[in-house]
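>>> Sequence first, predicted model second:
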Amino acid sequence: MYADRLNQIMDLLGAKNRQIAGYEGFDASLLTHLRKGSRVPTRDGSSSVHVTNGLLLYAAEHDQLPALCKLTGADPHAGRDRIREQILDWLYEGIPQTRTRRKKNSGNRAVVRRSSRIDDHRPYGERFDIAMNLGNLSNQRLSALAHVDASVVSRYRTGIRTLQSNPEMSGFFTGIIWQRIEDAGNLDKLADIMHVSPEECNERLFLNWLRQSEDTAEGNSPAAERLLEAFDTYSTENGGRLPSLNDLDAESILRDQREVYFGNNGLREAVIRFLIQAVKEKPRELILYSSQSMNWMTGDPGFLYRWAALMRTCVKNGTHIRIIHNIDRDLDEMNNAIISWLPLYMSGMIESFYSSLSRGGLFSQTVFLNPGRSCIRAFHAAGAEETGFYHYDTKPEILSCDEKQLNQLFKSAKPLVKTLPANAPFRSSADLTIISPTLTASTLPASLREIFPGETIKNMGVWLEETLSDKDKQHVCECVTLISTAALKSGAIPFDRMPGSESYQYTKEQYTEHIRNLIRLMKEYPGFRIIPLPDVPFVNMKLWISEDCVRITRAVEPFVSFQFSHPLMCSAFCDYADRLVRRYRKNRRTLIRELTQDYLREK
């Protein structure tokens, strides 16, 4: 009964599990189980409360509260708490109710246990701000002590970025802040805030408290942040001078005629030989596949340095690279691979795929092919790669077989990362979240599309209105950083950065006209919403995030877009977007009132 009625509500609202979960900050898998009838939560339990609140918030936000009340028999004119109780009555009609009990002490008061287990669901930024205040630290002072830009501290303090996404940075920050709190004599205050005894309060526990997840629905959000940070900070000047072939003693390496190499060191030697030959002969393409752990590559910085030099030289020579990643790799491994290959992705000379076939946990395989020239090939019991052996083949008949094997793998492969022009249209039928450092061209009013020329700008505005006009299409949510009212007076306001618009700036009047159009869009289209962010999460890129496709578009040279479709990566980016939306969303009417007050009324 409960599952049937819950599904009736979900069908009425036309909402996805993830959307309802996002309003209350719980894991969407809970709704999946409840809708299947796997279990019925107790009426006054936390699961029931979270689900009902999520349904109410979604209905109110999308102007469907009257329809929800009609379905459940609730009084639409009653207060929110009363409506919630009436919906619960309807959901639990005919179901025996059991109430949860709170543990009480002899004084009939709820027991509060102070222990080393930290359970603080305040937002990241709030905890970071509390800690900085206890240490008498300003953004500028902490940035100077940590040798980072003050904007980095600001992003952690506002909660736009999280410490979990950068363990090295979080440990460094924590050490500085802890010492300052101790010097200020505020450890007892910190212990009270963390709900532990002064004796238990130590730097390790402080670190756990500071970077603890703020809710249970965070998922893989930190993994997405790590990848985004690599894209955001990438520069063509990163890495300095790479070694030349003379530095690598290429001629001596090419004289090596071994057919078998042993262990990880042997694989590294074989790969250097393989790549030097490719640099010398400039083949049309290289085809790479490996399902073994990437420790052989990332575990030796010296090798990674030489590998990067040779791979970049191959790309400069016009060699196209196709690589297949195995679907069994976890998110961190895929992130490490993409980050290691970032300069190659920027070149547009690499095609990256993932195999939809699971390798299982028993074996790993590696095949690196220079068609018609050479191949490194290995097959191991999983975990035995470091002591295994790697064949280096140059015989034409063997190379032909290897190429056929790889081509068979490509038949079951799907794109992992696609490199596209920065202005390529984004296509997805799922709900879309856009995260941008500025207002986007897609929300420009028609009058400004003529002032800021370019087909891309015009097309984005038309696309948005067409999408929002079709109720069967996705909802669009834009998370943007609005300029301050003080900056508005300067009159030189950055425009949405894309190819051809680098020099564009708003006047004060143009920016306020854009704000006016945002308000119009929110009033006319229930499927459109704006999330104002207190700081810019990533300065140099714009994100397009949906359940089946994610795109990172660089807003600086080189202007290029990277698109992901791997389900695990899409899920991680959706978790990241959901966290921002939950943290900074505002009621539609409240936001319209604030935008009108701040930007449209003369002061």
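Perfect, thanks for sending it.
>>> Am I right that Q292 sits in a helix?
No. Secondary structure assignment (DSSP: H, G, I helix; E, B strand; the rest coil) places Q292 in coil, not in a helix.
>>> Where does the prediction get shaky in the stretch 101-250 of the chain?
The stretch 101-250 of the chain contains residues with pLDDT under 70 at 101-121, 166-168, 213-219, 235-245.
>>> thought N53 was touching R84?
Yes. Look at N53 against R84 with CB atoms under 8 Å: they come within range, at 7.2 Å. Bear in mind the C-beta positions are built from the backbone N, C-alpha and C, glycine included.
>>> how far does stretch 539-558 sit from the chain's center?
Averaging C-alpha positions (CA atoms, centre = their mean, to the nearest Å) puts stretch 539-558 10 Å from its chain's average.
>>> buried ones in it?
For stretch 539-558, a neighbour-count test (16 or more other CB atoms under 10 Å) marks 540-547, 549-555 as buried.
>>> same thing with stretch 181-193?
Across stretch 181-193, burial judged by 16+ other CB under 10 Å covers 181, 186-187, 189-191, 193.
>>> Show residues contacting that stretch.
130-131, 134-136, 197-198, 200-201, 206 (CB atoms under 8 Å, 6 or more residues apart in numbering).
>>> and it, C-alpha only, in CSV?
Extracted as CSV, the C-alpha positions of stretch 181-193 are listed here (Å, rounded to 0.1, in the frame of the first residue of the first chain):
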residue,chain,number,x,y,z
ILE,A,181,43.3,27.7,17.7
GLU,A,182,45.6,26.3,20.3
ASP,A,183,47.7,29.5,20.4
ALA,A,184,44.5,31.5,21.0
GLY,A,185,43.5,29.2,23.9
ASN,A,186,40.3,28.2,22.3
LEU,A,187,40.6,24.4,22.3
ASP,A,188,37.9,24.0,24.9
LYS,A,189,35.5,26.1,22.8
LEU,A,190,36.4,23.9,19.8
ALA,A,191,35.7,20.7,21.8
ASP,A,192,32.3,22.0,22.9
ILE,A,193,31.4,22.8,19.2
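>>> How far off centre is it?
34 Å.
>>> which secondary structure elements does the strand or helix carrying R583 contact?
Per DSSP states H and E, R583 falls inside helix 567-584. Based on contacts counted as 3 or more CB pairs under 8 Å, 6 or more residues apart in numbering; DSSP states H and E, the elements that helix 567-584 packs against are helix 17-24, helix 221-233, helix 331-340, strand 432-436, strand 476-480, strand 528-532, strand 541-545, strand 550-554.
>>> For the protein, which element, helix or strand, carries the lowest mean pLDDT?
Sorting the helices and strands of the chain by mean pLDDT, DSSP states H and E puts helix 331-340 at the bottom, at a mean of 71.
>>> and that one, what does it pack onto?
helix 221-233, helix 295-298, helix 567-584.
>>> can you put the ones you listed in a markdown table and add mean neighbour count?
Below are the helices and strands packed on helix 331-340 laid out as a markdown table (neighbours: other CB atoms under 10 Å):
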| stretch | mean neighbour count |
| --- | --- |
| helix 221-233 | 20 |
| helix 295-298 | 17 |
| helix 567-584 | 22 |
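>>> Now do the buried residues in stretch 152-167.
152-166.
>>> which two in the residues you listed are spaced the farthest apart?
The span of the buried residues of stretch 152-167, defined through CB to CB, is set by S154 and Q164 at 17.8 Å.
>>> Quick one, grab the pLDDT at the closest residue to Y525 other than its chain neighbours.
The shortest distance from Y525 to any residue other than its chain neighbours is 4.1 Å, reached at L468 (CB to CB, 6 or more residues apart in numbering). pLDDT, L468: 83.
>>> L468 falls within a strand, correct?
No. Under the criterion used here (three-state DSSP), L468 is helix, not part of a strand.
>>> Next, count neighbours for it.
By other CB atoms under 10 Å, the residues close to L468 number 18.
>>> shift numbering so it begins at 285
Sure, I'll start counting at 285 from here, so that last one is L752.
>>> I'd assumed R813 was in contact with it.
No. Counting by CB under 8 Å, L752 stays clear of R813, with 10.7 Å between them.
>>> Next up, the contacts around the nearest residue to L349 once chain neighbours are set aside.
Excluding its sequence neighbours, the residue lying closest to L349 (CB to CB, 6+ apart) is A343, at 4.6 Å. For A343, the contacting residues are 297, 349, 351-352, by CB under 8 Å, 6+ apart.
>>> For the stretch 335-484 of the chain, just list every one of the helices.
Remark: helices assigned in the stretch 335-484 of the chain by DSSP state H, counting those that start in this stretch are 349-356, 364-375, 408-418, 423-430, 434-442, 451-467, 471-478.
>>> any chance of the ones you listed in TSV, plus distance to G547?
Formatted as TSV, those follow (distance: least, CB to CB, whole Å):
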stretch	distance to G547
helix 349-356	63
helix 364-375	61
helix 408-418	43
helix 423-430	40
helix 434-442	41
helix 451-467	29
helix 471-478	47
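>>> Using PDB, list the CA coordinates for the helix or strand harbouring L290.
Secondary structure from DSSP H and E places L290 in helix 286-297. This file holds the C-alpha atoms of helix 286-297, laid out as PDB (Å, rounded to 0.1, in the frame of the first residue of the first chain):
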ATOM      1  CA  TYR A 286       2.700   2.500   1.000                       C
ATOM      2  CA  ALA A 287       4.800   1.800  -2.200                       C
ATOM      3  CA  ASP A 288       1.700   2.100  -4.400                       C
ATOM      4  CA  ARG A 289       0.700   5.400  -3.000                       C
ATOM      5  CA  LEU A 290       4.200   6.800  -3.000                       C
ATOM      6  CA  ASN A 291       4.500   5.900  -6.700                       C
ATOM      7  CA  GLN A 292       1.100   7.700  -7.300                       C
ATOM      8  CA  ILE A 293       2.600  10.900  -5.800                       C
ATOM      9  CA  MET A 294       5.900  10.500  -7.800                       C
ATOM     10  CA  ASP A 295       3.900  10.000 -11.100                       C
ATOM     11  CA  LEU A 296       1.700  13.000 -10.300                       C
ATOM     12  CA  LEU A 297       4.700  15.200  -9.700                       C
END
